[in-house]
Structure formats: structure tokens, C-alpha cells
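**Student:** no sequence for this one, just the structure:
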DNA sequence: ATAATAAATTAGACAAGGCTAAAAATAGAG
DNA sequence: CTCTATTTTTAGCCTTGTCTAATTTATTAT
């Protein structure tokens, strides 16, 4: 039996390690979990014992095949619930995260399969993130952060890096959403802010905003 | 903050005490929670401290007004989720209980209000139990168990006492469901079995079945 | 290469929830 | 009304996940 806390640690390791590609430091994990390094060490040991994680003292942690499977399944559930909340229950994209964090831990294979069917097998969640299918497969399509976009080219907004309410409300307030077409007008070297054009209006966004907005060239 | 375990104890006290009308013994509560009397005592003390329960040593436990409010809210959530599972996700009435036990603990006022709206403000769950509204109100309409039904009279099935998968599968197998019209043909004093007629067929049910089937005279 | 600093681990403690065994209170039978 | 059986509570210990403080390992700067 896997506990709720274990699931959350596994998810954090997965995200911090770029879909399990990299090894994660104890401190980074503790930070992400809002806890102390000593607690993270304890949990890492437990996960290693249960074969969800690879661990050598002082060398950081990474997920095993089994661990990745668990992580992807949680992410699948999280994102499907987000779609449900937005499409069926009138949530906005900045309201879904907290509730989905709870719903992702409900244990029932039938539930998640039926939910997937009910929603018409969506491939992306309300923030543009891809939803793994039943077998854990999903395309991690190419996306650039606005920071790396080139002046003069045209892009479409395909996702966000930061799903916090504050950032999403900022985007809503400025009428930027998934699918918004964006042209890069100017990049200011001094503070790394970017002037963009979309829907016939112009806007200067800070570096902080730019690095959290994902685009695809069109 | 109220924990998951506390919520489950409160729910059990509510159900054992006939919607909080009666006092519940420590042993009965421990039994219902599949735990030991000593653990129940500990939890009762904690609930009393948090003002969810009235408790005097050796005198059993009952819910305070606050405790009842919590119980009814959990029941509302449980039953709304059951409706969702059956009506939207193709669950059968014997498959919903376990999953609803998990979903009932999700904390989000907006979630449950929107779900209620999405489902069209249902008044009864798939087992015929009434769903409390936003303010906790619900009619506990008159219902008789089949044990108390009178020979010769006509009834309609309006609910079940036992929501376990086994019992519900038995009913399915014999084509009895909510809304089935039932006439009492004969009551056997020897073993308290009852012969009933419905849909032009006859069936003898044991006392055990009879006492778990709720009817309303028509 | 070594001293200073940063990161990670261990040791010991705590709260929640549960268990066993023993003690105390209540209820029932005569 | 008293003695026994049942119920309830208390005491002490366990596990999970957390913490602080102290120690050990790794890393970086000179």
C-alpha cells in the first residue's frame, strides 16, 4: 500500500527531475514539499526500500521505473480532474489546482477510466499540459518559454510553467490564454522584459512573466 | 482543522445514533469503525474537546449541533458523488460506495455546490437515500422495512438499509430495484421469510433480505 | 592541498491514531 | 443488596511523518 504522503513525494521527485530524467537533491525535494531535509531523507529511504526510488547516500534521488509509473498515473489523474472541473463544473484555470491536488489521490481504476471516457479522452489540461493516456504515454511537444522567443517571429501560447493562482489571474487580467497569438516586438536587454503584441494590443511583460509562459512558433 | 479519521468517526456516530437522535456506546462505535474500544475512547475524547461530541465517561457519546452539521455535510457529499458515479460514469449501484467513501472527504465548497448544480439538484442517491441540501435540510420520508409490511397490501421499493455490494447484487440478480412495485403474498411465521410478487413473478425472500429492503405503501 | 562552507544524514523527540493488557465502573442475576 | 459479567477507561507501547540539533560528507576557495 502506498500512502498519500509517499505519492506526493514521488510526484515532486518526478517534477523536479524533469520527468525523472535527472537526479534530485535532498534539499530541493524538502523545499518542494515544504518540509525539512531530514524529513526528506527519511522519506527517500522509505521510497528506496519500497523500490520506487534509486538512492545512494549523499548522491541525491531518482525514480525507478515503478516510481515513474506511479508519478505518471498521479499526473494523469490530476490533469483529467482539472479538465473535469473547468469543462463541467465552471471552475476557472486558476481555481482548479488545489482541488485537483486532492482528487488525484482517489484510488479507483474504473473511476479514472470512466472519467477519461466521459471527458472524451482529452489530451491537454486547462494549462496546456499533456495528459498521459491509460498506458502512461504522452507527447512532450516542443515549447519555448517567452524568454527564448525571437524578435519579429509569431507564436501561439501553449502552456504555463507556473500554475499558481496569482500568475494565472495576471494572464486573465491581460487577456492572455491558451491559443493566444503573440508576436515579439522587442526584448529589453536591461531588465530582460519583453514587449509583445497580440489581439491588436501591445504589452510589456517582465522577465518573471516571460519565463513562465510557454509558446510554440507558428 | 478536522482530520479524515475524525470525519469518519463523526459519520459513524451519526449513523449509529439514528441521525444523532440517540447516544452511541463506545463498543458499538469501535465495531463500526473496525477498531478497538480503547481507540474509540481516545477519539471520542478528542471529538468532545473539539466540540463535535457530547461525552460523559461511561455514558456513551452523541453529536453536538456542530458535529451533526459536519456529519450531514459529509453525507451530502457522499450521496452527490454516488449520483455522479451512477449517472455520469456508468457505475452500478453496488460499485459506488467504496469510491464515494473517498470522494466525500474532498474539501471544497465550490466543488460540491457546482456538482450539485451539474447533477440538477438530485434529492435521492442511487440507493434511495435522501440528499441533504446546501443548508443540511432533507426529508426523512416514511418508509417501512419489508419485515413490517402487511400481507395483501401493495408497496413500492424506495430504499435499502444495507448498501453492501453483496446485497445489491442479490437484488439486481432478482430484478428488484428502486421503484419496483411489490405485493406481499404471504409471511411465514416459522422463519420470518416473506413471499412477494412483482412484475408478474413470485419470490420468497429471507428475513435477512426483508429487513434490509425499504418500502412505501401505494 | 587544505580550510571553510554547504549539503546531507543521524539521533532523539513529538503528535496522531492504533493496539494490548490491566484497572475501574456499570449492569444484571440472584 | 451484593457478586459476577460486561463495558469502558487508563496506561504504556508502536508506526508514520514531522521537527531540531548535532554530526558527517561533499564542495569550493584560496
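**Tutor:** Good, I have the coordinates. Quick caveat: nothing in here was measured; it's all calculated off a predicted structure.
**Student:** counting contacts, what elements does the longest helix along chain A pack onto?
**Tutor:** Identified as the longest helix of chain A according to DSSP state H is helix A:65-88. With contacts taken as 3 or more CB pairs under 8 Å, 6 or more residues apart in numbering or on different chains; DSSP states H and E, helix A:65-88 sits against helix A:4-16, helix A:96-103, helix A:109-118. For glycine as for every other residue, the C-beta is placed from the backbone atoms N, C-alpha and C.
**Student:** how about it: buried residues?
**Tutor:** Residues of helix A:65-88 classed as buried: A:67-68, A:70-86 (neighbour count, 16 or more other CB atoms under 10 Å in any protein chain shown).
**Student:** what helices or strands is the helix or strand where residue A:216 lies leaning on?
**Tutor:** Taking DSSP states H and E as the criterion, residue A:216 maps to strand A:213-217. Here strand A:213-217 touches strand A:144-145, strand A:154-160, going by 3+ CB pairs under 8 Å, 6+ apart.
**Student:** ok, and what's touching the shortest one?
**Tutor:** In other words, strand A:144-145. Strand A:144-145 is contacted by residues A:155, A:161, A:210-217 when judged by CB atoms under 8 Å, 6 or more residues apart in numbering or on different chains.
**Student:** Can you say which of the residues you listed are buried?
**Tutor:** Among the contacts of strand A:144-145, those classed as buried by 16+ other CB under 10 Å are A:155, A:210-215.
**Student:** of the residues you listed, closest to DNA strand D?
**Tutor:** Of all the buried ones among the contacts of strand A:144-145, residue A:211 has the smallest distance to DNA strand D: 23.6 Å, by CB to the nearest atom of the strand.
**Student:** isn't that closest one right next to residue A:149, touching?
**Tutor:** No. Using CB atoms under 8 Å, residue A:211 is not in contact with residue A:149; the gap is 10.9 Å.
**Student:** what residues does chain A put near chain B?
**Tutor:** A:85, A:88-91, A:95, A:98-99, A:102-103, A:106-108, A:110-111, A:114-115, A:118 (CB under 8 Å from any CB of the partner chain).
**Student:** so how many other residues sit close to the closest residue to residue A:97 other than its chain neighbours?
**Tutor:** Spatial nearest neighbour of residue A:97, excluding adjacent residues (CB to CB, 6 or more residues apart in numbering or on different chains): residue A:163 at 5.3 Å. Applying other CB atoms under 10 Å in any protein chain shown, we find 20 residues neighbouring residue A:163.
**Student:** isn't residue A:163 right up against residue A:100?
**Tutor:** No. Counting by CB under 8 Å, residue A:100 is not a contact partner of residue A:163; they are 9.6 Å apart.
**Student:** Over to residue A:62. Which of the three states is it?
**Tutor:** What DSSP: H, G, I helix; E, B strand; the rest coil gives for residue A:62 is strand.
**Student:** which residues touch it?
**Tutor:** Counted by CB under 8 Å, 6+ apart, residue A:62 has contacts A:13, A:17, A:20, A:22-24, A:53-54.
**Student:** what about 6 Å?
**Tutor:** Residues near residue A:62 by CB atoms under 6 Å, 6 or more residues apart in numbering or on different chains: A:23, A:54.
**Student:** quick one: it from DNA strand D, how far?
**Tutor:** Distance, residue A:62 to DNA strand D, by CB to the nearest atom of the strand, to the nearest Å: 15 Å.
**Student:** tell me which parts of chain A are close to DNA strand C?
**Tutor:** Contacts of chain A with DNA strand C, taken as CB under 7 Å from any atom of the strand, map to A:25-28, A:37-38, A:40-42, A:44-45, A:55, A:57-60.
**Student:** If we use 10 Å, what do you get?
**Tutor:** Residues of chain A found near DNA strand C (CB under 10 Å from any atom of the strand) are A:23-31, A:36-45, A:48, A:55-61.
**Student:** In strands, which of those residues fall?
**Tutor:** Using DSSP state E, the members of these that fall in strands are A:55, A:61.
**Student:** Just the buried ones out of the residues of chain A next to DNA strand C, please.
**Tutor:** Buried among these by 16+ other CB under 10 Å: A:23-26, A:28-30, A:39-41, A:43-44, A:48, A:55, A:60-61.
**Student:** partners of residue A:181 in the sheet?
**Tutor:** On the basis of DSSP bridges, residue A:181 is bridged to residue A:156.
**Student:** so it touches residue A:156, yeah?
**Tutor:** Yes. Taking contacts as CB atoms under 6 Å, residue A:181 lies within contact range of residue A:156: 5.4 Å.
**Student:** any idea how far residue A:165 is from residue A:180?
**Tutor:** The gap separating residue A:180 from residue A:165 is 19 Å, by CB to CB, to the nearest Å.
**Student:** which one of these two has more residues nearby?
**Tutor:** Between residue A:180 and residue A:165, residue A:180 has the larger neighbour count (other CB under 10 Å), namely 18 against 15.
**Student:** Now the more buried one: closest residue in space, sequence neighbours ignored.
**Tutor:** residue A:157 (4.5 Å).
**Student:** now swap in residue A:204 and tell me
**Tutor:** Spatial nearest neighbour of residue A:204, excluding adjacent residues (CB to CB, 6+ apart): residue A:195 at 4.9 Å.
**Student:** Confirm the one you found sits in a helix?
**Tutor:** No. Going by three-state DSSP, the assignment for residue A:195 is strand, not a helix.
**Student:** tell me, how many neighbours does it end up with?
**Tutor:** Residue A:195, neighbours per other CB under 10 Å, totals 15.
**Student:** swap in the one 5 residues further on?
**Tutor:** In terms of burial, residue A:200 registers 5 neighbours under the definition other CB under 10 Å.
**Student:** so residue A:120, which of the three states?
**Tutor:** Residue A:120 ends up coil, using three-state DSSP.
**Student:** any idea how far it lies from chain B?
**Tutor:** Per CB to the nearest CB, to the nearest Å, residue A:120 is found 13 Å from chain B.
**Student:** What number of residues are in the vicinity of that residue?
**Tutor:** Going by other CB under 10 Å, the residues that sit close to residue A:120 add up to 9.
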